[in-house]
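Trainee: task: produce atomic coordinates for the following.
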Amino acid sequence: SIEHGNQGSKSWIFYFLFINEMIQFVKVLQQTLSNIFQIEMDVHPLTDVSFQRDCQRTANRLLRSNRPLSLIS
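Mentor: Modelled structure (predicted):
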């Protein structure tokens, strides 16, 4: 969990390689929270430009450090 700037509450940031993974994860998480705790999970776009840049840098670092190995024929 991270807290950034003046957002005032803790936010979780998840990184996904593929959009379909993100969509499936959010659907399952929202359904689970609703079923177990009877609460809804809000998903908000990032509006803080400097925070967006920080997240983009982190995403780029993750991609560089976790490149899939290619098979050599």
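
Trainee: so the closest residue to M22 other than its chain neighbours, which of the three states?
Mentor: Once flanking residues are discounted, M22 sits nearest to F16: 4.1 Å by C-beta to C-beta, 6 or more residues apart in numbering. All C-beta atoms are positioned from the backbone trio N, CA, C, and that covers glycine. Under the three-state scheme (DSSP: H, G, I helix; E, B strand; the rest coil), F16 adopts coil.

Trainee: run a quick neighbour tally on F16.
Mentor: Summarising burial for F16: neighbours were counted as other C-beta atoms under 10 Å, giving 13.

Trainee: show the pLDDT at the residue nearest the centre of the chain.
Mentor: Nearest to the mean C-alpha position of the chain, counting by C-alpha atoms, centre = their mean, stands F14 at 2.0 Å. At F14, the model reports a pLDDT of 86.

Trainee: next up, the contacts around it.
Mentor: 22, 25 (C-beta atoms under 8 Å, 6 or more residues apart in numbering).

Trainee: and it, its phi and psi?
Mentor: As for F14, its main-chain torsions (degrees, to the nearest 10) stand at phi -110, psi 140.

Trainee: can you check the one 5 residues further on too?
Mentor: Backbone torsions for I19, taken as degrees, to the nearest 10, come to phi -60, psi -40.

Trainee: next one: it from F37, what distance?
Mentor: Shown here: I19 relative to F37, a distance of 27 Å by C-beta to C-beta, to the nearest Å.

Trainee: which residues in this protein form helices?
Mentor: Taking DSSP state H as the criterion, the chain contains helices spanning 19-37, 49-65.

Trainee: where among the ones you listed is average confidence lowest?
Mentor: Mean pLDDT, when computed for each of the helices of the chain, is lowest for helix 49-65, at a mean of 89.

Trainee: buried ones in that one?
Mentor: When neighbours are counted by 16 or more other C-beta atoms under 10 Å, the buried residues of helix 49-65 are found to be 51, 54-55.

Trainee: right, and I13 touches C55 too?
Mentor: Yes: contact between I13 and C55 holds when scored by C-beta atoms under 8 Å: they sit 6.2 Å apart.

Trainee: mind listing what's buried along stretch 18-25?
Mentor: Across stretch 18-25, burial judged by 16+ other C-beta under 10 Å covers no residue at all.
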